[in-house]
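Colleague: below is the sequence, then the predicted model.
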Amino acid sequence: MTARKSFESWAVIAGSLLAGAAYTWFAGEDINWDWQNYHEYNAFALIHGRYDQDVAPAGIQTFLNPLAYLPAYLLRHHVAAPSWGMMLGAIHGLNLALIYWISRLVLSSAAGGWTLAASVVIAAFGPMTLSEVGTSFADILTALPVIGGLGLLLSGSPEHRNHYAMAGLLLGAAVGLKLTNMVFFIGAGAALLYAPRPAMALLYFAAGSAIGGLGTGGAWCWTLWDTFGNPVFPFFNTVFRSPEAPIAATADGRFMPLNLWDAAAYPFYWLIGDHRSSEGPFRDPRFAILIVLFAATAGASLLRGKRVFTLRDKQFLLFFAVAYGLWLSAFSIHRYAIALELLAAPLIVLLACRLLRVLPFASLKMREVRWTNWVTATAALAIALWSEPADWLRRPWSEPYQPVVSGSLLNPATYFLIQKPVGYIIPLLPVGSRAYQLSDILLPIAPGGVLDRRIRAGLADPLPGGIWAMHLSGSPPKQSLLDDYGLQFDTSRSCETIPGADRNDIEACPLVASRRAAQVPAASRLD
């Protein structure tokens, strides 16, 4: 029996790796907007020490922890296409192996071949999950420690208290890599209230999470604190009040529900393809089915006066409810809920099994296993067929993105970025070049601040390639962004074009000192 389970586990892991790799090959090369803006640049800047030379090339996102984007960057730059994407997709595919593990854990005696397969299939066809497989997004990557941490938490006990510490380590590490994972961390803490010894469990969990959070995010937070006086700069600046960023909330409210009724309806919006929680269209029945199943199971349990949920069930349900509620009230950005989308799979199967157990039909009792297998398999097939994945932009592997920088841009130069997203072009420029972003609305350059002084010091120490403005081809020049630095477009010379990943090319146009700046002494301009 042990050998069989071991073989089954290894087969699931291998299948998960292959599924992620195969889907990435089918979907194509990742060129998502965030990769163009900051995923590529942030990892490049970390490796090449550019954070104290450039000025926010990706705008506000420049200051997100770059560690989460290193795997995609390193694979993309050191492995040939499409192998790099398939390797990245294989890593993401391991989420399915974790879902299989959690399914075995929570289903317990109901964990048979059909129910486990149903859980994995439901997870595999998640719309946001599929959209991020083989991409540079951190949501699907950090779902691995989130789901792994939850599994350890659910398997914890007074005899296995180290499981709580390891769960904290993984969830803390996920938060350190990406702050939006805090909703899962808080959900896990709430779930521990149902642990056999809550105080002990919380203590071990807190100790592990401190180590995990400091391990992945401590150095980055210290860097931001040392430079800007805010460890999560520029976020929460109403608390830390760094002079380098506006003293205002920086939350993206585009996807937030209008009121409580609207919030309650979100899962049913997703069911019919209303994508108000995401920029692009998708369709997802999972969360609506969860609500209906939970209401039916809890209602049937109350009517029959029969306890149907185990202590572990309650932990799982509380984690999911708290994490979902926090996500909805804090972000409502669908990508940030990928871990919940994946975890919805075992929860749907669990609720279906519990509902069938509590229904008062004799025929169900006599053939409970058969009914359970049929219901869960049918539900998995229906969910998979109804789901429609989102799309964050891909290119065919037959046409990989391999841009060529023209001869006029082969010398180190200073680049003023006056539009987004162009951060992914910075690694293509000659070594020693500088990049200064001026167009970010949420993070304008504070006059006289660290970033402003860095720009002016760079202008006082010109590079051989000159000064250029970089923007998307076809967009009107934004002269007003350059006025504070005494620059204007040099109309006597032509712009250079760099092929864009999404076929929206990048233009670099030469700049010169404006007449007004030329009339002011240099020493005065640098004061």
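Modeller: Sure, I can see it.
Colleague: in stretch 199-217, what's buried?
Modeller: For stretch 199-217, a neighbour-count test (16 or more other CB atoms under 10 Å) marks 201-205, 208-209, 212-213, 216-217 as buried. All C-beta spots, glycine's among them, are computed from the backbone N, C-alpha and C.
Colleague: rebuild those as CSV, extending it with secondary structure.
Modeller: Formatted as CSV, those follow (DSSP: H, G, I helix; E, B strand; the rest coil):
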residue, secondary structure
A201, helix
L202, helix
L203, helix
Y204, helix
F205, helix
G208, helix
S209, helix
G212, helix
G213, helix
T216, helix
G217, helix
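Colleague: now render those residues as CSV, adding pLDDT and distance to H77.
Modeller: Formatted as CSV, those follow (pLDDT from 0 to 100; distance: CB to CB, whole Å):
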residue, pLDDT, distance to H77
A201, 96, 42
L202, 97, 42
L203, 97, 43
Y204, 97, 40
F205, 98, 37
G208, 98, 33
S209, 98, 32
G212, 98, 28
G213, 98, 28
T216, 98, 22
G217, 98, 24
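Colleague: farthest pair within the residues you listed?
Modeller: Largest separation among these by CB to CB: A201 and G217, giving 23.3 Å.
Colleague: find the residue closest to the spatially most central residue of the chain in space, skipping its chain neighbours.
Modeller: Nearest to the geometric centre of the chain sits D139, at 2.6 Å (CA atoms, centre = their mean). The spatial neighbour of D139 that comes closest, neighbours along the chain excluded (CB to CB, 6 or more residues apart in numbering), is I338 at 4.5 Å.
Colleague: okay, and the one you found sits in which element?
Modeller: helix 338-358 (DSSP states H and E).
Colleague: CA atoms only for that helix, dumped as CSV, please.
Modeller: C-alpha atoms of helix 338-358 as CSV (Å, rounded to 0.1, in the frame of the first residue of the first chain):
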residue,chain,number,x,y,z
ILE,A,338,-5.3,32.6,-7.9
ALA,A,339,-4.6,30.6,-4.8
LEU,A,340,-8.3,30.7,-3.9
GLU,A,341,-9.2,29.7,-7.4
LEU,A,342,-7.0,26.6,-7.1
LEU,A,343,-8.2,25.8,-3.6
ALA,A,344,-11.9,26.1,-4.7
ALA,A,345,-11.4,22.8,-6.4
PRO,A,346,-10.9,20.6,-3.3
LEU,A,347,-13.5,22.7,-1.4
ILE,A,348,-16.2,22.1,-4.1
VAL,A,349,-15.5,18.3,-4.0
LEU,A,350,-15.5,18.3,-0.2
LEU,A,351,-18.8,20.2,0.0
ALA,A,352,-20.4,17.9,-2.6
CYS,A,353,-19.3,14.8,-0.5
ARG,A,354,-20.6,16.3,2.7
LEU,A,355,-23.9,17.3,1.1
LEU,A,356,-24.5,13.8,-0.3
ARG,A,357,-23.7,12.4,3.2
VAL,A,358,-26.4,14.5,4.9
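Colleague: what average pLDDT does that helix get?
Modeller: Regarding helix 338-358, the rounded mean pLDDT is 96.
Colleague: swap in stretch 132-152?
Modeller: Here stretch 132-152 scores 98 as its mean pLDDT.
Colleague: that one: how far from the chain's middle?
Modeller: Computed by CA atoms, centre = their mean, to the nearest Å, the chain-centroid distance of stretch 132-152 equals 8 Å.
Colleague: again, but for stretch 326-335
Modeller: On the basis of CA atoms, centre = their mean, stretch 326-335 sits 12 Å off its chain's mean C-alpha point.
Colleague: quote the end-to-end distance of that stretch.
Modeller: Taking CA to CA, to the nearest Å, stretch 326-335 runs 14 Å from one end to the other.
Colleague: now do the buried residues in it.
Modeller: By 16+ other CB under 10 Å, the buried positions in stretch 326-335 come out as 326-328, 331-335.
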